[in-house]
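K.L.:
Output the structure for:
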Amino acid sequence: MNLLKTRVDNSKANLIGQRFGRLTVISEGKTRGYYKYYLCKCDCGNEKEIYEANLRRGLTKSCGCLQKERARKANLIHGHAAKGKKTKLYRVWCGMHNRCKCKTNSSYELYGARGITVCDEWKEFLPFYDWAIANRYREGLEIDRIDGNKGYGPDNCRWVTPRENGLNKRNNRLITINGETRTLSEWAEISGINYDLLWYRVHAGWTGTDMLKPPRTSRPKTRFYEDEDEDEPTKTGTE
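P.N.:
Below is the predicted model:
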């Protein structure tokens, strides 16, 4: 009888310090009738008494925060990934993974084939969503990798305007004029000349200051009279 009691006591003592899911047993709790409880600390910081059998059987793995997170995740994904109603933010998240993992994606050669990856934290949509909101995401912004040779992750990503994103692309054309090197987009903004026209000039062999020459405008057509000087047409017949 004493040997059995010793074994039970040792078994209970061994639970202290053990982890069960997000819970770490820190001490024995109250005994309620025949049911033994242990005081556990959850990874989220909460402390709660948990029924011993539920710990051993793996039925309780957190203070309740895990279930709340799962419910939030399900509701969030349903709201962003509903068939035919995917939000822009959800499409951004899908696009990252497709470019980095899907070999049939048209951009795979520029991403996955170069070793660009998505961090483990963003393998699920919820952590990516939380990061996006915390970093002031709004409609119209695009995700940008600060270092184009590194992957997607909180430390290397930011939200930028389409123009800013364009300036950070690997394939952006650099043009030097009078010793000053800028991207074609920047020269277009500085000169006021249409980007497509500058692009045409580059491929036509234009260089130097010739690149920034104002485009020729067509001569206005000669008009033989002005509308306001025209006589009113003579009305004929009776009304």
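K.L.:
ok, which stretches of this protein are strands?
P.N.:
Counting by DSSP state E, one finds strands in the chain at the ranges 19-20, 23-32, 35-42, 47-51, 142-145, 157-160, 174-177, 180-183.
K.L.:
Sheet partners, orientation included, of the second one?
P.N.:
So the one you mean is strand 23-32. Strand 23-32 pairs in its sheet with strand 19-20 (antiparallel), strand 35-42 (antiparallel), by DSSP bridges.
K.L.:
from the ones you listed, which stretch is densest packed?
P.N.:
strand 35-42 (a mean of 18; mean count of other C-beta atoms under 10 Å). Using the backbone N, CA and C atoms, a C-beta is placed for each residue, glycine as well.
K.L.:
By mean pLDDT, flag the weakest helix or strand of the chain.
P.N.:
For the chain, using mean pLDDT, DSSP states H and E, the weakest element among its helices and strands is helix 2-15, scoring a mean of 52.
K.L.:
Stretch 118-138 spans what distance, first to last residue?
P.N.:
One end of stretch 118-138 to the other measures 21 Å (C-alpha to C-alpha, to the nearest Å).
K.L.:
how far does stretch 127-138 sit from the chain's center?
P.N.:
Stretch 127-138 sits 7 Å away from the centroid of its parent chain (C-alpha atoms, centre = their mean, to the nearest Å).
K.L.:
That stretch - what's its average pLDDT?
P.N.:
Stretch 127-138 shows a mean pLDDT of 94 in the predicted model.
K.L.:
So for it, what gets flagged as buried?
P.N.:
By neighbour count with 16 or more other C-beta atoms under 10 Å, stretch 127-138 contains the buried residues 128, 129, 132, 137.
K.L.:
can I get the strands paired with strand 23-32 in CSV with mean pLDDT?
P.N.:
Formatted as CSV, the entries for the strands paired with strand 23-32 read as follows, by pLDDT from 0 to 100:
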stretch, mean pLDDT
strand 19-20, 94
strand 35-42, 93
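K.L.:
Domain parsing of the protein, as residue ranges.
P.N.:
Domain assignment for the chain, taken from automatic domain parsing, gives 14-63, 69-167, 174-212.
K.L.:
Show the end-to-end separation of the first one, please.
P.N.:
Which is domain 14-63. In terms of C-alpha to C-alpha, the two terminal residues of domain 14-63 are separated by 21 Å.
K.L.:
next one: the shortest one
P.N.:
When the termini of domain 174-212 are compared using C-alpha to C-alpha, they are 14 Å apart.
K.L.:
chain center to that domain: distance?
P.N.:
Centre to centre, stretch against its chain (C-alpha atoms, centre = their mean), the figure for domain 174-212 is 32 Å.
K.L.:
And the first one, by the same measure?
P.N.:
Chain-centre distance of domain 14-63: 37 Å, with C-alpha atoms, centre = their mean.
K.L.:
Likewise for the longest one?
P.N.:
Put simply, domain 69-167 sits 3 Å off its chain's centre (C-alpha atoms, centre = their mean).
K.L.:
Only the buried residues of stretch 109-120, if you could.
P.N.:
In terms of neighbour count (16+ other C-beta under 10 Å), stretch 109-120 has its buried residues at 111, 112, 116, 117, 118, 119.
K.L.:
Of the strands paired with strand 23-32, give the one that comes closest to residue 103.
P.N.:
Each of the strands paired with strand 23-32 was checked against residue 103 via C-beta to C-beta, and the shortest separation belongs to strand 19-20, namely 39.3 Å.
K.L.:
With adjacent residues omitted, what lies nearest to residue 142?
P.N.:
Leaving aside its chain neighbours, residue 142 sits nearest to residue 165 (4.6 Å; criterion: C-beta to C-beta, 6 or more residues apart in numbering).
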